[in-house]
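Student: A predicted structure for the sequence below; I have some questions about it.
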Amino acid sequence: MGLPRVGIIGAGSLSTRRIYPYIGVAGARLAAVCDLERAKAEANAARWGGSVYTDWREMVESEALDGVIVCIGAEAHADLAIEIMRAGLPVYTEKPPAPSAERAWEVAAVAEESGLLCMTAFKKRYARCYRRAKQFIDSGEIGRRRLIAMHYCSGQYANDGSPRGTFLFDFCIHAIDLVRFLFGDVSQVRAIAQGMDAYAVSLGFPDGSVGTLSLCDGRTWQAPAEQVHLTGAGSWMDIRNSSSYTIWLGGEVTEAQEPPLATSAGDSGIETGHLTEIEAFVKALAGDPSEVVSPIAESARSMELLEAIERAAETGRAVGLQAP
């Protein structure tokens, strides 16, 4: 078998920076590029190869693809994922996976029915420091889990109700998904908010551990503002800007990472997960899905948590979530 052949739908600025450059590095061949604006598709094909299309259906029918990457507006992720799987191909979509949890579950149903992979690009699940954090928790090093606390901020959003213009939906979904990746499903949510710009969220987990999310826009995109603290009984881990971490066991520092060339803006595909999530997808196309940790069913649960936070903030009441 040769290199997996991948087609990409979308040739905008995000995919041009964070997806196209990594396809070859991840071990795949870029076979086709599709964008409604032909000039964009031609520009990316000129740099990284592949045939050019403006109709994704024509691309799928004409090319012998092994998988498709979708990087367009979130409002179209669910529809495209379903159609691509029904055409017989695995699919990777950018986050969020769908406009709502209900739509995400519809995608998950098609993935289960077809037996095909649908993966969401939740990069933080693939970032080196958060993979280490997951190991720290699951191995028992943390001891009895007590607290996960996350501080996650961005530049100003328009908060105009559009998917890309809404802070909680477009930006905070990363933090919301990361909480579930690290500590598992949430059983109860409380939240207060300042409009759509700032949220203080309290979380309860089935094992009795608790969590907090401090989410705010109105900062700047140039200054990183991401901190995660994991606390157990006598052991804890602090993570800064998706790249640096320190682990304490019994009050002593036992492990630390401070990569000098990594930045939270995403300049390292390994530290931030941009490369490693594509590597996981490519390996799955080649027959090894073991490194995929963001299948659509997981993403749908994260969308449920996002909507629970919205309801809690709107009503001022605790919102319960059912176990899967």
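Tutor: Received it, and whenever you're ready, just let me know what you need.
Student: list the buried ones in stretch 141-154?
Tutor: Ile142, Arg145, Arg146, Ile148, Ala149, Met150, His151, Tyr152, Cys153, Ser154 (16 or more other Cβ atoms under 10 Å). For glycine as for every other residue, the C-beta is placed from the backbone atoms N, C-alpha and C.
Student: ok, now which ones touch the fourth one?
Tutor: This points to Ile148. Going by Cβ atoms under 8 Å, 6 or more residues apart in numbering, Ile148 touches Val179, Leu182, Phe183, Leu203, Ser209, Val210, Gly211, Thr212, Val228, His229, Leu230, Thr231.
Student: between those residues, which has the most around it?
Tutor: Leu203 (27 neighbours; other Cβ atoms under 10 Å).
Student: Past the host helix or strand of that residue, which element shows up next along the chain?
Tutor: Element membership for Leu203 (DSSP states H and E) is strand 198-204. Counting by DSSP H and E, the element after strand 198-204 in chain order, helix or strand, is strand 210-219.
Student: what's that following strand packed up against?
Tutor: strand 147-155, helix 173-183, strand 198-204 (3 or more Cβ pairs under 8 Å, 6 or more residues apart in numbering; DSSP states H and E).
Student: List the buried residues of stretch 68-85.
Tutor: Applying 16+ other Cβ under 10 Å to stretch 68-85 flags 68-72, 74, 76-78, 80-85 as buried.
Student: Cross those against helices and list the overlap.
Tutor: His77, Ala78, Leu80, Ala81, Ile82, Glu83, Ile84, Met85 (DSSP state H).
Student: for Leu213, what are its contacts?
Tutor: Met150, Tyr152, Cys172, Ala175, Ile176, Val179, Tyr199, Ala200, Val201, Leu203, Ile309.
Student: Contacts only, for the third one.
Tutor: Neighbouring residues of Cys172 by Cβ under 8 Å, 6+ apart: Tyr152, Tyr199, Leu213, Leu215, Leu306.
Student: so the lengthiest helix in the chain versus strand 210-219, what angle?
Tutor: What stands out as the longest helix in the chain, according to DSSP H, is helix 296-315. Counting by axes from the mean of the first three to the mean of the last three Cα atoms, to 10 degrees, helix 296-315 lies at 80 degrees to strand 210-219.
Student: other SSEs contacting helix 296-315?
Tutor: helix 101-114, strand 118-121, helix 173-183, strand 188-194, strand 198-204, strand 319-320.
Student: Indicate which one of these is closest to Leu30.
Tutor: For the helices and strands packed on helix 296-315, the distance to Leu30 is smallest for strand 118-121, at 16.5 Å, taking Cβ to Cβ.
Student: The helix or strand following that closest one: which residues count as buried?
Tutor: Per DSSP H and E, strand 118-121 leads on to helix 128-138 as the next helix or strand towards the C-terminus. By neighbour count on 16+ other Cβ under 10 Å, the buried set for helix 128-138 is Arg128, Cys129, Tyr130, Arg131, Arg132, Ala133, Lys134, Phe136, Ile137.
Student: quick one: contacts of helix 128-138?
Tutor: So helix 128-138 is contacted by 124-125, 141-142, 145, 178, 181-183, 228, 230, 237, 239, 242-245, 247, 257, 270-271, 273, 276 (Cβ under 8 Å, 6+ apart).
Student: Cross those against strands and list the overlap.
Tutor: Val228, Leu230, Met237, Ile239, Ser244, Tyr245, Ile247, Gln257 (DSSP state E).
Student: is it true that the fifth one touches Glu255?
Tutor: Spelled out, it's Ser244. No - taking contacts as Cβ atoms under 8 Å, Ser244 lies outside contact range of Glu255: 11.7 Å.
Student: neighbour count winner among these two?
Tutor: Between Ser244 and Glu255, counted using other Cβ under 10 Å, Ser244 has the larger neighbour count: 17 against 13.
Student: Using pLDDT, spot the least trustworthy of the buried residues of stretch 68-85.
Tutor: Among the buried residues of stretch 68-85, Ala74 carries the lowest pLDDT, at 91.
Student: distance between the lowest-mean-pLDDT helix or strand in the chain and the chain's centre?
Tutor: None of the helices or strands of the chain scores lower by mean pLDDT, DSSP states H and E than helix 269-272, at a mean of 84. Helix 269-272 has its C-alpha centroid displaced from the chain centroid by 13 Å (Cα atoms, centre = their mean, to the nearest Å).
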